[in-house]
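Undergrad: need a 3D model of the sequence below.
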Amino acid sequence: MSKNYNKFQFPLISVILGILLGAIVMWIFGYDAIWGYEELFYTAFGSVRGIGEIFRAMGPLVLIALGFAVASRAGFFNVGLPGQALAGWVMSGWFALSNPDLPRPLLILATVVIALVAGGIVGAIPGILRAYLGTSEVIVTIMMNYIVLYTSNAFIHSFPKDIMQSTDSSIRVSANATYQTPWLAELTRKLSYEYWDFSLLSLQLQLSGSCLRRQLSVLKSVQLVSIQMLLNTQVFQLNAPLFYQ
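TA: Purely as a prediction, here's the structure:
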């Protein structure tokens, strides 16, 4: 009973402490923390669209976290999940762009399988090196992230011109390849943005794309493939990673 209780106790305490720390920071800088959290929860849970956005953003993160949990259970620390997800993302996107006329069920199934295989191959390399050469999976998976990033950059730039709309960005995938569900898209599209217009938090969400680019530029980080796909459910493109100097 005590062990099961601790499973919920520590995450709950962490969330509460995070909320309190956020409130303290807001108060220090002169902001109303109560109003801020009220707007936060209202924006997130006050409409069908808001709830849909939560699931849209949460989906990839949950799947990646499950991948980490499997390795953690086996006693390994897999920090190569961004690279593994990126490999699956690029390969499935390439297949969808190259075969736009396949039947939708077959195309969606194929992209899922290709992504699994591509990510699995990238994840298997550190495992094989650890098993046969005793290398550190932490170091190898970190290095694999950059290898996959640079390889993806070169691979996307080698795409045929007929599936590219610019040097760094592909055209949209066909309707047969999209994972969108029409009735869900229509349900959220009917909702107005009027709830978001005067909220500082919602403004940050609407400008998150440009803000993320500026932050990456300052930090000399990289833009992963298709940040636009994460921020916009209406577009599915492959964008080559950009390196900021």
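Undergrad: can you map out the helices along this protein?
TA: Listed in chain order, the helices found in the chain under DSSP state H are 2-28, 33-45, 48-73, 81-98, 104-133, 137-157, 182-189, 200-206, 208-218, 227-231.
Undergrad: flag every buried residue along the longest one.
TA: This points to helix 104-133. 107-108, 110-111, 114-115, 118-119, 122-123, 125-127, 129-130 (16 or more other Cβ atoms under 10 Å). Glycine gets a C-beta too; all of them are placed from N, C-alpha and C.
Undergrad: out of the helices of the chain, which comes closest to Ala175?
TA: Closest approach to Ala175 among these is made by helix 104-133 (7.6 Å; Cβ to Cβ).
Undergrad: what angle separates the closest one from helix 81-98?
TA: 140 degrees (axes from the mean of the first three to the mean of the last three Cα atoms, to 10 degrees).
Undergrad: pull the CA atoms of stretch 79-88 into CSV?
TA: Extracted in CSV, the C-alpha atoms of stretch 79-88 (Å, rounded to 0.1, in the frame of the first residue of the first chain):
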residue,chain,number,x,y,z
VAL,A,79,18.8,9.9,-24.3
GLY,A,80,18.7,9.3,-28.1
LEU,A,81,14.9,9.4,-28.4
PRO,A,82,14.8,12.7,-30.2
GLY,A,83,17.1,11.3,-32.9
GLN,A,84,15.1,8.0,-33.1
ALA,A,85,11.8,9.9,-33.4
LEU,A,86,13.3,12.2,-36.0
ALA,A,87,14.5,9.3,-38.1
GLY,A,88,11.1,7.7,-38.1
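Undergrad: ok, the residue nearest in space to the middle of the chain to Ile125 distance?
TA: Using Cα atoms, centre = their mean, the residue of the chain that lies closest to the mean C-alpha position is Pro60, 5.2 Å off. The span separating Pro60 from Ile125 equals 22 Å under the rule Cβ to Cβ, to the nearest Å.
Undergrad: cool, and Leu21?
TA: 39 Å.
Undergrad: ok, now Gly67?
TA: In terms of Cβ to Cβ, Gly67 sits 15 Å off from Ile125.
Undergrad: ditto for Ala118
TA: Taking Cβ to Cβ, one finds Ala118 at 12 Å from Ile125.
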